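Student: coords below, sequence missing:
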């Protein structure tokens, strides 16, 4: 018969997807206003006008067989050069266009990079809470996922635990900054410390331990914060990027994997990226959206809406008495559940029309994720429901704090 | 270190790609006219105007967050319904929109379908000559490729040999009609006979043997020919389709996998497709190009150019004395090499500026593939070179016929 593992993956949608489907059904039955769907990380802001203007101009002006034809498998050379120049200017660190591989988005970047690096049964360390598809992608590449929980309430990386978790079979460590689901940015000093550990362990085990930096939210940061560019801190780094969130193009599938020029045998690592992409059936990244990139580098969708949403939601939830991880980036709020079982709490919240993803989905217990990439009016309309929810817990004495 | 198998895949480009790169270098050195590059199957005809008109209209009229947002993983529902209706009308056979999965092109369709169907070490039968990436995709899914050679000079499928090659481990048979590289269409009576064999063997081994029909050239047929739609002949069929060739959009990566509604436990097979796509990192097919599809179904690029090219080339090569497989579809001519070693012949042809891919690339010996998806003037300009080449062989007595 068919492959039963794939069947299970296809029939057990993520809890996120299930909540979303429930919300759609509820909206159809009870009306849009009855449901406050905070389940899905789908950008709510339109792409910047320069994106659509560029697409139209390219379609009108560029020769059709060139515009829509195959590019080189690694992506159009001029596009890769433009990305390299932009990154160098922004982060003041060397970037080599010959080590950039354009992909069909961050998920493709991750599956390709993992397939390129891993041999059967090698280990990949992730920090919990983590994006749930990491496990799927690691297992696709034959690897084994090992989890290091972050430390509440700040959700900083637990580097002591990381060091203890590294074995002779550790090949990759995945980081995600700003983090989905916590919104936390990994600070410079944490990166420096992590680099020391990975260097020491790489030397001890006599093979590079690669740092896979998953950065789809790199530009979504609040206040004067910025996200340190990881290749400046650790040499054996691969960056997985997507234009999905910064340019509000999640359906178009366009991003890249970049190998640090300082990586050991960087061009061989890159050759493995080329081989892995070929083996997974990624012929080239969508051509039209490749050619769009050079004209839109450094641009973002109007991210001020996320800032507004975050401010309203964070301030009110804290005022109501919720324990909220201070959000630094991305468009997620990570909130402590009002009872130990986050799944039970999420079900309770549903009675108030609030669709919140239990942190169990992210390999962590006792929290919920609120995706605030929604219209601001949905945030405002949902506030009374959040207030009633915490009051009910206080009244029933079920609040375990 | 990195995965050495992926490294090998990334550093050993196909012979096709190597010839193409050689041609580009030669053109840069000696001028465009010095090289007749017939190496690559890249459509030379622009997309029909309705494609670009539709893209521009969608960009101008559709809400940006909807247009560029995530679609359902299996593809936008209305798009899948439009495809189902179009296929039913065209081929008079039931098609279920719930069994169509939109993909990033035919390569993605193949990697997804193989991953969905195969368990470790199961066997996949292909007919030689075959598209070289089949081996890469089969091995990515943990399968083992078994080869059944076609019978020269007609290159019909050898069904007797097929029957003998099926074992208890055979899970999939791949067909490709019209065929790359031979241009041959599998006839109705051959499909009927093959279906009988596969049914008998499926019953004997007590599990379905799936027919994977790779059909990117379905609309590229000559004369009054048509390509039989395989689900009408065999129930456990999956169709892998791409709009790359019919609409001249190879770089945009848009196509689908379709499970026959007659397949045993069809919806479970489809669920495995969903799981496999998820596992490989295919989040959804590029959204803008999904929405383009309903407006362009039944349309094709101007294929008459391929017809013209084929006619000129076929007639002249036969007149010069070449043995050519009569082409029925696609844009390839399969020509017997003028010495037993096709690689040596291809090298000889390069001295005349002719870049022809030796059939060894396709798991077959003694032929070359000519991709005639080039400007007609290139065909005309190359004719004297083809004539001189065969004359030289006649003179030197190296012609082995």
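Tutor: Good, I have the coordinates. If you're wondering where the values come from, they're calculated on a predicted model, not measured in any experiment.

Student: ranges for the strands of the stretch 151-300 of chain A?
Tutor: A:170-176, A:210-214, A:237-242, A:255-259 (DSSP state E, counting those that start in this stretch).

Student: pretty sure residue A:251 is in contact with residue B:68, am I right?
Tutor: Yes - using Cβ atoms under 8 Å, residue A:251 is in contact with residue B:68, at 5.4 Å. C-beta coordinates here come from the backbone N, C-alpha and C atoms, glycine included.

Student: okay, and the common contacts of these two?
Tutor: Overlap of the contact sets of residue A:251 and residue B:68 (by Cβ atoms under 8 Å, 6 or more residues apart in numbering or on different chains) consists of B:287-288.

Student: now the strands of the stretch 151-300 of chain A in JSON lines, with mean neighbour count and mean pLDDT?
Tutor: Formatted as JSON lines, those follow (neighbours: other Cβ atoms under 10 Å in any protein chain shown; pLDDT from 0 to 100):
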{"stretch": "strand A:170-176", "mean neighbour count": "24", "mean pLDDT": "98"}
{"stretch": "strand A:210-214", "mean neighbour count": "26", "mean pLDDT": "98"}
{"stretch": "strand A:237-242", "mean neighbour count": "26", "mean pLDDT": "98"}
{"stretch": "strand A:255-259", "mean neighbour count": "27", "mean pLDDT": "98"}
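
Student: need the ones you listed in a markdown table (columns: distance to residue A:280).
Tutor: Compiled in a markdown table, the strands of the stretch 151-300 of chain A are given as follows (distance: least, Cβ to Cβ, whole Å):
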| stretch | distance to residue A:280 |
| --- | --- |
| strand A:170-176 | 17 |
| strand A:210-214 | 16 |
| strand A:237-242 | 14 |
| strand A:255-259 | 12 |
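
Student: what are the buried residues along stretch A:324-335?
Tutor: A:324-325, A:327-335 (16 or more other Cβ atoms under 10 Å in any protein chain shown).

Student: what's the most distant pair in the residues you listed?
Tutor: The span of the buried residues of stretch A:324-335, defined through Cβ to Cβ, is set by A:329 and A:335 at 16.4 Å.

Student: picking that back up, okay if I get the strands of the stretch 151-300 of chain A as JSON lines plus distance to chain B?
Tutor: Converted to JSON lines, the strands of the stretch 151-300 of chain A look like this (distance: least, Cβ to the nearest Cβ, whole Å):
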{"stretch": "strand A:170-176", "distance to chain B": "9"}
{"stretch": "strand A:210-214", "distance to chain B": "9"}
{"stretch": "strand A:237-242", "distance to chain B": "10"}
{"stretch": "strand A:255-259", "distance to chain B": "10"}
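
Student: not counting residues beside it along the chain, what's closest to residue A:104?
Tutor: residue A:253 (3.9 Å; Cβ to Cβ, 6 or more residues apart in numbering or on different chains).

Student: so who does the one you found touch?
Tutor: Contact analysis of residue A:253 by Cβ under 8 Å, 6+ apart lists A:104-105, A:108, A:244, A:285-286, A:289, B:104, B:283-286.

Student: out of the residues you listed, which is nearest to residue A:176?
Tutor: residue A:244 (13.9 Å).

Student: and for that closest one, the neighbour number?
Tutor: Residue A:244: 26 surrounding residues under other Cβ atoms under 10 Å in any protein chain shown.

Student: for it, grab phi and psi.
Tutor: Residue A:244 has phi and psi values of phi -50, psi -50 when expressed as degrees, to the nearest 10.

Student: quick check, pLDDT for it.
Tutor: Residue A:244 is assigned a pLDDT of 94 by the prediction.

Student: can you give me every residue that contacts it?
Tutor: A:43, A:105-106, A:216, A:250, A:252-255.

Student: give me the element the closest residue to residue A:150 other than its chain neighbours is part of.
Tutor: Spatial nearest neighbour of residue A:150, chain neighbours left out: residue A:127 (5.4 Å); criterion: Cβ to Cβ, 6+ apart. Residue A:127 is part of strand A:123-128, with elements assigned from DSSP states H and E.

Student: quick one: contacts of that strand?
Tutor: In contact with strand A:123-128 (Cβ under 8 Å, 6+ apart) are residues A:114, A:118, A:134-135, A:138, A:143-150, A:157-158, A:162, A:165-167, A:169-176, A:362-364.

Student: buried subset of the residues you listed?
Tutor: Buried by 16+ other Cβ under 10 Å: A:114, A:118, A:134-135, A:138, A:143-150, A:157-158, A:162, A:166, A:170-176, A:362-364, out of the contacts of strand A:123-128.

Student: so which of the residues you listed are in helices?
Tutor: A:114, A:134-135, A:138, A:162 (DSSP state H).

Student: what's the domain layout of chain A?
Tutor: Domain segmentation of chain A under automatic domain parsing yields A:4-48+A:302-396, A:49-296.

Student: distance of the residue nearest to residue A:104 from residue A:201?
Tutor: 35 Å (Cβ to Cβ, to the nearest Å).

Student: same question, residue A:62
Tutor: The gap separating residue A:62 from residue A:201 is 48 Å, by Cβ to Cβ.
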